[in-house]
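Q: Sequence first, predicted model second:
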Amino acid sequence: MIQVVDVHKSFGKLEVLKGINFSVNENEVVCILGASGSGKSTMLRCMNHLERITSGEIYIDGELADKRENDKDMIKISPEHAQELCMELGMVFQRFNLFPHLTALENVMKAPMLVKKVDEATALKDAEELLKSVGLYDKKDEYPSRLSGGQQQRVAIARALAMKPKIMLFDEPTSALDPELVGEVLEVMKDLAKKGMTMIVVTHEVGFAKEVGDRVIFMDGGVICEEGTPEDVIDHPKEERTKAFFSKIL
Ligand code: ADP
Ligand code: MG
């Protein structure tokens, strides 16, 4: 579903991604762990075209979505086609960024109507279904300010799903939440994984990575330091940097 080939990303002189290679298969849940500043968010943002890569290739659903060398486009991918491919990715951020002036239901309906020109009746039906699936149908008419952080994040997940993505990217979706609200969001994500959604999850939730992750990638200093099953990487790391990281957080 996604293939990342030798991706480099620099901000000015600062090289943040130093040759990243990995792929994610259909129905797979890949968890990315690593210290703050190791380039995890930048990696997700590059996949989603929120950042342009400096060099490398990114394939989405088997199709070339981005290819650059020395900051120059090597082949012409029309912006329309690149945008179409990016629409196959849904993204959920640490901060929920719901539209404050729209209700939960309206937040979920907005993008399909605006971007995909879905008619209002269909968007409404889909949004109601999605809010049911994240356990928030009874809150559909509430504004974000009247929802807890966990509820807002669940609306944000429903909103991303409303675009019917093939892959969901999560960037530390529970890091901004009070501890007692983390569980409800992880439950929704587990549910999604069970339904077969392909997912890339940047998280510090080691328990989630072990239970739900098919594979774990450990990033450090802009490279993938270690990759394997959760048992391999978390419980029996081989690399010194991985060992040091997990000995600190476990
Ligand atoms: P992580 O998500 O693993 O904490 P990030 O991808 O957010 O790491 O950041 C990796 C590095 O890139 C950090 O040193 C950060 O300061 C830097 N960085 C991220 N975004 C930008 C940007 N837009 N401009 C300059 N530096 C950035
Ligand atoms: Mg980050």
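A: Nice, thanks for sending it over. Ligands and ions are numbered 1, 2, ... in the order given.

Q: For the helix or strand of the chain with the lowest mean pLDDT, what is the distance to the chain centroid?
A: Every helix and strand of the chain was ranked by mean pLDDT, DSSP states H and E. The lowest is strand 72-73, at a mean of 84. Its chain's C-alpha centre and that of strand 72-73 lie 26 Å apart, by Cα atoms, centre = their mean, to the nearest Å.

Q: Can you show me the CA trace of the very next helix or strand once past it as PDB?
A: Using DSSP states H and E, the helix or strand that follows strand 72-73 towards the C-terminus is helix 79-86. The C-alpha trace of helix 79-86 is given here as PDB (Å, rounded to 0.1, in the frame of the first residue of the first chain):
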ATOM      1  CA  PRO A  79      -0.500  17.900  -8.900                       C
ATOM      2  CA  GLU A  80      -4.000  16.600  -9.500                       C
ATOM      3  CA  HIS A  81      -2.800  13.000  -9.600                       C
ATOM      4  CA  ALA A  82      -0.600  13.500  -6.600                       C
ATOM      5  CA  GLN A  83      -3.500  14.900  -4.700                       C
ATOM      6  CA  GLU A  84      -5.700  12.000  -5.700                       C
ATOM      7  CA  LEU A  85      -3.200   9.600  -4.400                       C
ATOM      8  CA  CYS A  86      -2.900  11.600  -1.100                       C
END
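
Q: For the most centrally placed residue in the chain, name its beta-bridge partners.
A: Compute the mean C-alpha point of the chain, and by Cα atoms, centre = their mean the closest residue is Leu169, 1.5 Å away. Bridge pairing for Leu169 (DSSP bridges) gives the partners Met91, Ile200.

Q: Look up the pLDDT of it for me, please.
A: pLDDT recorded at Leu169 is 98.

Q: okay but it is in contact with Leu44, surely?
A: Yes. Leu169 lies in contact with Leu44 (Cβ atoms under 8 Å); the separation is 5.0 Å. All C-beta atoms are positioned from the backbone trio N, CA, C, and that covers glycine.

Q: Between the two, which contacts overlap?
A: The contact sets of Leu169 and Leu44 overlap at Met91, Ile200 (Cβ atoms under 8 Å, 6 or more residues apart in numbering).

Q: quick one: strands adjacent to the helix or strand hosting Gly19?
A: If you go by DSSP H and E, Gly19 is part of strand 14-24. Using DSSP bridges, the strands paired with strand 14-24 are strand 2-11 (antiparallel).

Q: Using PDB, write out every CA atom in the strand it pairs with.
A: Taking Å, rounded to 0.1, in the frame of the first residue of the first chain, the C-alpha atoms of strand 2-11 are listed here in PDB:
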ATOM      1  CA  ILE A   2       2.900   2.300   0.700                       C
ATOM      2  CA  GLN A   3       6.500   2.100  -0.300                       C
ATOM      3  CA  VAL A   4       9.100   4.600   0.800                       C
ATOM      4  CA  VAL A   5      12.400   4.400  -1.100                       C
ATOM      5  CA  ASP A   6      15.600   6.100   0.100                       C
ATOM      6  CA  VAL A   7      13.800   9.200   1.300                       C
ATOM      7  CA  HIS A   8      15.800  12.100   2.500                       C
ATOM      8  CA  LYS A   9      14.400  15.300   3.900                       C
ATOM      9  CA  SER A  10      16.300  18.400   4.900                       C
ATOM     10  CA  PHE A  11      15.200  21.700   6.300                       C
END
